[in-house]
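Undergrad: Kindly generate the corresponding structure for this input.
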Amino acid sequence: MKIEIRGVEKLSFRERQVVALKEMGRSNAEIAKILGINASTVATLYNRARTKGYEVVIILPGDTLGVFDGGQADEE
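TA: Reported below is the predicted structural model:
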């Protein structure tokens, strides 16, 4: 699995850090500890980033979901 943040150029460095950690499922308290900032600052950075219109895309290999059969079409 790969996570891509589109529109990341719109975000500050700190906003990028917060968004990446949030998308990995970290809480504000965890992010605050990792980055050495206050949890309320994490919330502010995340809310500010959300207003800038980035988009998170999750890229999964086809076989992960079991929806591809190796390129062969079903014949009925």
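Undergrad: residue boundaries of the strands in the protein?
TA: Secondary structure of the chain (DSSP state E): strands at 2-6, 55-59.
Undergrad: so which of those is the most packed in?
TA: Ranked by average neighbour count under the criterion mean count of other Cβ atoms under 10 Å, the strands of the chain are headed by strand 2-6 at a mean of 12. Every residue, glycine included, has its C-beta placed from N, CA and C.
Undergrad: any idea how far it is from the chain center?
TA: Mean-position distance between strand 2-6 and its chain equals 6 Å (Cα atoms, centre = their mean, to the nearest Å).
Undergrad: Which elements pack onto it?
TA: Strand 2-6 sits against helix 13-23, strand 55-59, with contacts defined as 3 or more Cβ pairs under 8 Å, 6 or more residues apart in numbering; DSSP states H and E.
Undergrad: The shortest one packs against which elements?
TA: The helices and strands touching strand 55-59, judged by 3+ Cβ pairs under 8 Å, 6+ apart, are strand 2-6.
Undergrad: Show me what the strand it packs on is in contact with.
TA: Among residues not part of strand 2-6, those counted as contacts by Cβ atoms under 8 Å, 6 or more residues apart in numbering are 11, 16, 19-20, 23-24, 54-60.
Undergrad: And stretch 27-42, by the same measure?
TA: In this structure, residues lying in contact with stretch 27-42 by Cβ under 8 Å, 6+ apart are 14, 17, 18, 21, 22, 26, 43, 46.
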